[in-house]
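Predicted coordinates and the sequence they were generated for:
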Amino acid sequence: MPRQQQSAARPAVPPAARPVRRRSYDQFDATARALDSVGDRWTLLIVRELLGGPRRYTDLHADLPGVSTDVLASRLKDMEQSGLALRRKLPPPSAASVYELTERGHGLLPVLAALAAWGAPALAERRPTDAVRAHWFALPLLGALTGLTREGVLEVRLDEGGFHLHVGLRAGGGAGFVLPGAEAYGAVYGYGPADRPDARIVLGAEVCLELAQGAATLTEAVKDGRVEVLGDGPLAAELRGE
């Protein structure tokens with residue numbers, strides 16, 4: 001066979017893949033640069049989930065109803081490339097991998113807290129299509145509890161489920177936003193009940209939103225019976241106003 005025919009019969013070699021450049025506003029501005037990293041749909045909601053600590057991919061997908069598997073995988077990859085999150089394997093005997101926020105990713109906590117406060121008035125009425133998870137109330141409630149002086153782990157029980165928070169003033173004088181045993185940029189809240197909470201509160205989601213919006217104080221809600229405080233320690237006493 002002639003050499004030219006042999007050459008024509010060979011499959012074409014695809015060109016080397018070029019790295020995909022993420023979309024950018026291409027503006028020399030801090031806000032624009034920030035939105036280059038977190039402005040895509042679902043990204044900040046993934047951050048919200050990871051503020052509760054390391055999560056498996058399946059857990060993230062379960063608690064982000066409406067996101068497709070492709071989009072979730074793409075956003076997580078983008079967050080790794082942007083230095084907001086990392087993926088690591090759990091030690092044996094577990095073979096699972098988890099995603100967690102980096103220190104830079106955890107720096108979005110005040111951004112999420114501000115967005116939660118800004119968006120709370122839009123929750124006056126729950127739409128029939130709205131999904132809900134108990135831990136979605138953690139960030140709004142944290143803002144309402146920043147005045148507490150007794151430090152400890154507070155378990156929160158709603159009709160939708162439960163979660164736990166670290167509240168009170170830390171040794172450094174700042175508001176306690178990190179669960180015991182976590183890194184300085186560790187979990188802000190925990191999923192489900194706490195192992196050994198210092199106090200528990202039982203309330204409805206609507207009361208939680210009132211507290212977050214400043215429409216009622218914790219002291220008022222406890223006095224009129226809309227918030228039940230359980231426990232005998234110093235934190236429980238402060239929550240009761242004692």
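The structure has been received and is ready for your questions.

which stretches of this structure form helices?
Taking DSSP state H as the criterion, the chain carries its helices at 3-9, 30-38, 43-50, 57-62, 69-81, 103-106, 109-119, 138-144, 205-213, 218-223, 234-240.

Now those in a markdown table, please, with extra columns for distance to Gly152.
Yep, even glycine has a C-beta here, placed from its N, CA and C like the rest. Listed next are the helices of the chain as a markdown table, based on distance: least, Cβ to Cβ, whole Å:
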| stretch | distance to Gly152 |
| --- | --- |
| helix 3-9 | 75 |
| helix 30-38 | 32 |
| helix 43-50 | 24 |
| helix 57-62 | 26 |
| helix 69-81 | 32 |
| helix 103-106 | 22 |
| helix 109-119 | 20 |
| helix 138-144 | 14 |
| helix 205-213 | 18 |
| helix 218-223 | 15 |
| helix 234-240 | 4 |
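
Report the contact partners of the residue nearest the centre of the chain.
For the chain, Arg48 is the residue whose C-alpha lies nearest the centre (Cα atoms, centre = their mean; 2.0 Å). Arg48 makes contacts with 112, 136, 139, as judged by Cβ atoms under 8 Å, 6 or more residues apart in numbering.

ok, now Trp42?
Going by Cβ under 8 Å, 6+ apart, Trp42 touches 64, 67, 71-72, 75.

how about 7 Å then?
64, 67, 71, 75 (Cβ atoms under 7 Å, 6 or more residues apart in numbering).

what's the answer for Glu100, then?
Contacts of Glu100 by Cβ under 7 Å, 6+ apart are 50, 54, 85-86.

distance of the residue nearest to the centre of the chain from Arg55?
11 Å (Cβ to Cβ, to the nearest Å).

Please spell out the segments of the chain that come in under the pLDDT threshold.
The model of the chain has pLDDT under 70 over residues 1-22, 169-186.

Would you mind writing the CA trace of stretch 39-52 as PDB?
C-alpha atoms of stretch 39-52 as PDB (Å, rounded to 0.1, in the frame of the first residue of the first chain):
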ATOM      1  CA  GLY A  39     -20.800  33.700  42.200                       C
ATOM      2  CA  ASP A  40     -21.900  30.500  40.400                       C
ATOM      3  CA  ARG A  41     -25.300  29.000  41.400                       C
ATOM      4  CA  TRP A  42     -25.100  26.500  44.300                       C
ATOM      5  CA  THR A  43     -21.500  27.500  45.400                       C
ATOM      6  CA  LEU A  44     -22.500  29.400  48.500                       C
ATOM      7  CA  LEU A  45     -25.100  26.800  49.500                       C
ATOM      8  CA  ILE A  46     -22.300  24.200  49.300                       C
ATOM      9  CA  VAL A  47     -20.300  26.400  51.600                       C
ATOM     10  CA  ARG A  48     -23.300  26.600  54.000                       C
ATOM     11  CA  GLU A  49     -23.300  22.800  54.100                       C
ATOM     12  CA  LEU A  50     -19.600  22.500  54.700                       C
ATOM     13  CA  LEU A  51     -19.700  25.000  57.600                       C
ATOM     14  CA  GLY A  52     -21.200  22.100  59.500                       C
END
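
I'm done for today, thanks for sticking with me.
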